[in-house]
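Student: Give me a model of this one.
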Amino acid sequence: MIETDPKLVRIHHLDLLEYFSDSEERLISQLDWLLDRTGNVREGRYWVYYSTSRWARELHLSPSTVQRTIAHLIRIGVLISRNYNHHAYDRTRWLTINYDRLKEMGIRAQHFCENDRARKAHILVEQWEAEQEKQNAAPRHYGKDSFFYQLPKEVQAMMLAH
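Tutor: Next comes the predicted model:
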């Protein structure tokens, strides 16, 4: 076994090369890996936000290749892009994979978080409730900027039902 820094590991799904170019496969594979490790939840999906220059460094591609690759994958519906940034000048893209589109293309795809989503959501709820108890706040007080509104809608409903 080769020992290396986990930050330097790259995951490749070589079977995706049947459907995508090398740069597209690299981006999709890396994004899939990152989505399983992110805590950024919006609209019931996990998101990763990297600048073009960061993607270029991560994937060892030029910034223009990264921009073209992302634009093409968005155009064909494989990636979904949003802007959840707090400042108008911040143009960092938030990206996620449209796993349903991959399935439509005949690719066996299921985000491994989908099986684990309920467990992760439960952990997030427990962490949030523990934080509320520490602050001696009413457990059902949810301010607009609270962590509660970053949770998927189904998790919010589950919390309100308790």
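
Student: what pairs with Val41 across the strands?
Tutor: Residues in a beta bridge with Val41, per DSSP bridges, are Tyr46.

Student: surely it meets Trp94?
Tutor: No - between Val41 and Trp94 there is no contact under Cβ atoms under 8 Å: 11.1 Å. All C-beta atoms are positioned from the backbone trio N, CA, C, and that covers glycine.

Student: Buried residues, the helix or strand hosting Arg26. List them.
Tutor: Arg26 is part of helix 22-35 when elements are defined by DSSP states H and E. Neighbour counts over helix 22-35 (16 or more other Cβ atoms under 10 Å) mark 23-35 as buried.

Student: any common contacting residues for Val41 and Trp94?
Tutor: Trp47 (Cβ atoms under 8 Å, 6 or more residues apart in numbering).

Student: Identify the farthest-apart pair in the buried residues of helix 22-35.
Tutor: Using Cβ to Cβ, the buried residues of helix 22-35 span at most 18.4 Å, a distance reached by Ser23 and Leu35.

Student: Low-confidence stretches in the protein?
Tutor: 1-12, 110-129, 134-151, 154, 156, 158-159, 161-162 (pLDDT under 70).

Student: any idea how far Glu25 lies from Asp36?
Tutor: 17 Å (Cβ to Cβ, to the nearest Å).

Student: Now do the helices in this protein.
Tutor: Taking DSSP state H to define them, one finds helices in the chain at 22-35, 52-59, 63-75, 99-104, 112-134, 153-161.

Student: what angle sits between the first one and helix 63-75?
Tutor: Compare the direction of helix 22-35 with that of helix 63-75 by axes from the mean of the first three to the mean of the last three Cα atoms, to 10 degrees and you get 70 degrees.

Student: I'd like to check what contacts helix 22-35. Which residues are they?
Tutor: By Cβ under 8 Å, 6+ apart, helix 22-35 touches 10-14, 16-17, 20, 46-48, 55, 58-59, 61, 65-66, 69-70, 72-73, 78-79, 95-97, 111, 113.

Student: so who does Arg93 touch?
Tutor: By Cβ under 8 Å, 6+ apart, the neighbours of Arg93 are Tyr49, Tyr50, Ser51, Thr52, Ile70, Ser81, Arg82, Asn83.
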